[in-house]
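# Pasting the sequence and the predicted coordinates here, then a few questions.
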Number of protein chains: 2
Amino acid sequence: MPRRSAEERAPNQVDVARVAGVSTQTVSRVLSGHPNVRPETAHRVMAAVDAVGYRLHAAAASLASGRTRMLGVILVSTARYSTSAILLGVESVAAEEGYAVTTASVAQHSAPASFLEAFDRLEGQGAEGIVILAPVGFLAEALGSRTERTPTVGHRQADGVGDDALVDQRAIARAATEHLLDLGHRTVWHVSGDEFWQESNARREEWERVLRERGVTPPPVIPADWSPESGYRAGRTIAAIPDVTAVFVSSDEMAFGVIRALHEAGRTVPDDVSVVSVDDIALAAYAAPALTTVRQPFEDVGRATAKRVIEMIEKREAVATEPLRPELVVRASTAPPHGA
Amino acid sequence: MPRRSAEERAPNQVDVARVAGVSTQTVSRVLSGHPNVRPETAHRVMAAVDAVGYRLHAAAASLASGRTRMLGVILVSTARYSTSAILLGVESVAAEEGYAVTTASVAQHSAPASFLEAFDRLEGQGAEGIVILAPVGFLAEALGSRTERTPTVGHRQADGVGDDALVDQRAIARAATEHLLDLGHRTVWHVSGDEFWQESNARREEWERVLRERGVTPPPVIPADWSPESGYRAGRTIAAIPDVTAVFVSSDEMAFGVIRALHEAGRTVPDDVSVVSVDDIALAAYAAPALTTVRQPFEDVGRATAKRVIEMIEKREAVATEPLRPELVVRASTAPPHGA
DNA sequence: TTGGAAAATGTTTGCGCTCACATTATCGCG
DNA sequence: CGCGATAATGTGAGCGCAAACATTTTCCAA
């Protein structure tokens, strides 16, 4: 190691202990908030810490304790609004709980192998828990025994585990579909998100269920992949179908594409076709027309997710979380059929 | 530390060394790509690594070597497209160079104190270099001596240092402004971004310069803060001014707001008013009308930035980087004046 | 008072690794 | 064939900290 001269060496607990007139162990105890330290001693130590400019050496602490206090996050590398918003929530909880967050990006639509590589990289860096902001479903089997070794959670419903902490995707689809039916539309078409994401499938299923409940046979799904481009293509498909009056699009970004395609085909929104989407990104209110959409509390999703991993790491029992409610935000992209 | 029983202990270099029939030092040398190891020995070691399922213990390596191979990134916590795209670039370079990336988010418009706190947190976690994806200008003095201890770079031009690796903000403003003037507009109005960001000011200055070069006195700047909402407010201001025919908006997201406000006021884009913006986010092509915008290669910005910090950390001399060129993408939001 | 428990603090050890230096194997060349 | 140089490998120590255990101090009840 770099046997550096004394003057450029960072101060360590020995330095603090010397100044405070205690043992290094006492310094360690004070710093880690251990009980059984006299307040007066603690003060002396803290003063010494300030005096010498000491800061805990994370690597050493982690080597000695076997704890890294580090969370890993696997992101899909699209600049999707939702992902960054969720990450923000994860980070805020991590900071509160004294965890560091390290990220690993993975290309969109990567093979499971890339996810495993990212997973291993984060594990290798010492992550004690891993949050995957990507579809976990199709990874479950690839991940295999890894998730036993390292607590791992997906960002939304992870295959039926812990749904309660996260946004109810079925409620989203129900709110959107019922809104359109309640306006008087005979049926509702659906542009789905990437098929690998569970929420995409959950929404599709619930959209179908709602239609059947109302005695309507669901039209075929128009598949897309979350991107605005895919939404545009879906929109062209829809524009080619004569009697469509209402579409439930699985994300705001796709809705921009859908609306563009409809307008190019001479179908106006909402006069000819109503469009509801999901997310309520910042630009949703500034689309033309402003998007009626089902808002997801992304930051809260991130917070809830991070709390859950930390609970798993520390083997604390899960704290019941408020269920996160999606919220229908009605703007200008929906109206009763026939411009009526 | 948790004196765990042998069976649940993770394999270490001693285990590998035993299986490979070499010393731990040789294992270490093989793993860190040291020269002077016989290929055959290296193979034996790698085979043993696989056999026992060994993975380097990052904390121990870092304690012994004094290196953490960790980069810190400070993000402003808005889900801005550009930020996540840059982060992606940073990460890809980090992964290539064997660095981990840890992030710390800071609220938008925070006091410098929050940045310092984030900086200290990252430093405390062992970051060897720090990337600030936020306006560095107003932080320079607050950061003070910290940047001597830990290499720090901003994401774009860091006060005149190393401009060449990053996007030329003046070229952006010039391309946008000249595009409008060349279309025949008599003058160009400007909606600026958050005043704390240097690129915002750089663009404003260059916009002014271009106008003066063409003998036009710049109209007053309409201030905004990057958000679509602020763009909308700016748009209302502009709509109240009778003879505006061309606007240079400092970001796509604000342009959505500006266009919305103009349309609400009965001014159509581009027939009555042309709008150019900056970024070319994924939704830019799906605005109504599709945005003419100056594209910034965000991922490359992130890559260049990361390369620069790593060069600073490893005291390698700076590798000359291709200058990153912004690119004017002409779509439908600009046209010659008077609908002509 | 004093004994005994609990609180407060100290001592020793080792986490897993890499550094510096020591030693041994290998090679080229006169 | 032998000797010095270089390549290849080994040995010992210590990075900074927290766990386990040892010791001292404090406090209160009998």
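On my side now, so go ahead.

# A:I241: neighbour count?
11 (other C-beta atoms under 10 Å in any protein chain shown). The way it works is simple: take the backbone N, C-alpha and C, and place the C-beta from them, glycine included.

# Would you confirm that A:P337 contacts A:V244?
No. Using C-beta atoms under 8 Å, A:P337 is not in contact with A:V244, being 10.4 Å away.

# Looking at the two, which has the bigger crowd around it?
Using other C-beta under 10 Å, the more surrounded residue of A:P337 and A:V244 is A:V244, with 21 against 17.

# Just list the residues touching A:V191, thanks.
Contacts for A:V191 (C-beta atoms under 8 Å, 6 or more residues apart in numbering or on different chains) come out as A:221-224, A:231, A:234-235, A:238, A:247-250, A:254, A:258.

# So for the helix or strand hosting it, mean pLDDT?
Under the criterion of DSSP states H and E, A:V191 resides in strand A:189-192. Averaging pLDDT along strand A:189-192 gives 98.

# strand partners of that strand, parallel vs antiparallel please.
Sheet pairing for strand A:189-192, assigned by DSSP bridges, gives strand A:222-223 (parallel), strand A:246-249 (parallel).

# which residues are contacting whichever helix or strand comes after it?
Moving toward the C-terminus from strand A:189-192, the first helix or strand encountered (DSSP H and E) is helix A:198-213. Applying C-beta under 8 Å, 6+ apart, the external contacts of helix A:198-213 come out as A:135-137, A:154, A:156-157, A:159, A:169-170, A:172-174, A:176-178, A:181, A:187-188, A:190, A:192-195, A:217-218, A:221, A:248, A:250, A:278.

# pLDDT-wise, which helix or strand of chain A ranks last?
Ranked by mean pLDDT, DSSP states H and E, the weakest helix or strand in chain A is helix A:140-143, scoring a mean of 74.

# returning to what we had before: PyMOL command to pick out the buried ones of the contacts of helix A:198-213?
Those of those that count as buried under 16 or more other C-beta atoms under 10 Å in any protein chain shown are selected in PyMOL with:
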select buried, chain A and resi 135+136+137+154+156+157+169+170+172+173+174+176+177+178+181+187+188+190+192+193+194+218+221+248+250+278
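
# Now intersect the contacts of helix A:198-213 with the strands, please.
Using DSSP state E, the subset of these located in strands is A:G154, A:H190, A:S192, A:F248, A:V278.

# what sits against A:S92?
With contact set as C-beta under 8 Å, 6+ apart, A:S92 has these partners: A:E299, A:G302, A:R303, A:A306, B:S105.

# let's go with 10 Å and repeat that
A:S92 makes contact with A:V101, A:E299, A:G302, A:R303, A:A306, B:S77, B:S105, B:A107 under the criterion C-beta atoms under 10 Å, 6 or more residues apart in numbering or on different chains.

# Confidence-wise, which of the residues you listed comes last?
Among the contacts of A:S92, B:S77 has the weakest pLDDT, 69.

# tell me which parts of the stretch 51-200 of chain A are close to DNA strand C?
Residues of the stretch 51-200 of chain A lying near DNA strand C by C-beta under 7 Å from any atom of the strand: A:L63, A:A64.

# the helices in the stretch 51-200 of chain A, which residues?
Using DSSP state H, counting those that start in this stretch, the helices of the stretch 51-200 of chain A run over A:58-65, A:81-97, A:112-124, A:140-143, A:146-149, A:169-182, A:198-213.

# Per the annotation, how does chain A divide into domains?
Recorded structural domains for chain A (assignment: automatic domain parsing) are A:13-65, A:70-166+A:298-314, A:169-296.

# Just confirm A:M254 is within a helix.
Yes. Under DSSP: H, G, I helix; E, B strand; the rest coil, A:M254 sits within a helix.

# I figured it was touching A:V278, is that so?
Yes. Using C-beta atoms under 10 Å, A:M254 is in contact with A:V278, at 9.1 Å.

# Common neighbours of the two, please.
Shared contacts of A:M254 and A:V278 (C-beta under 10 Å, 6+ apart): A:G193.

# any low-confidence regions in the stretch 101-250 of chain A?
Applying pLDDT under 70 to the stretch 101-250 of chain A flags residues A:136-138, A:155-165.

# Quick one: residues contacting the nearest residue to A:A118 once chain neighbours are set aside.
Once flanking residues are discounted, A:A118 sits nearest to A:A104: 4.0 Å by C-beta to C-beta, 6 or more residues apart in numbering or on different chains. By C-beta under 10 Å, 6+ apart, the residues touching A:A104 are A:72-75, A:77, A:114-115, A:117-122, A:125, A:127, A:130, A:132, B:91, B:94-95, B:100-101.

# ok, now how distant is A:A104 from A:E117?
8 Å (C-beta to C-beta, to the nearest Å).

# anything in contact with each of those two?
B:A95.

# coming back round to it: just the buried members of the contacts of A:A104?
Taking 16+ other C-beta under 10 Å as the criterion, what is buried in those is A:72-75, A:77, A:114-115, A:118-119, A:121-122, A:125, A:127, A:130, A:132, B:91, B:94-95, B:100-101.

# Next, the contact list for the spatially most central residue of chain A, please.
The centre of chain A sits closest to A:I86, judged by C-alpha atoms, centre = their mean, with a distance of 3.8 Å. Neighbouring residues of A:I86 by C-beta under 10 Å, 6+ apart: A:73, A:75, A:80, A:131, A:133, A:155-156, A:296-306, B:79.

# re the thing from before, using a markdown table, lay out the helices of the stretch 51-200 of chain A together with distance to DNA strand D.
As requested, the helices of the stretch 51-200 of chain A are exported to a markdown table (distance: least, C-beta to the nearest atom of the strand, whole Å):
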| stretch | distance to DNA strand D |
| --- | --- |
| helix A:58-65 | 3 |
| helix A:81-97 | 16 |
| helix A:112-124 | 19 |
| helix A:140-143 | 29 |
| helix A:146-149 | 20 |
| helix A:169-182 | 40 |
| helix A:198-213 | 38 |
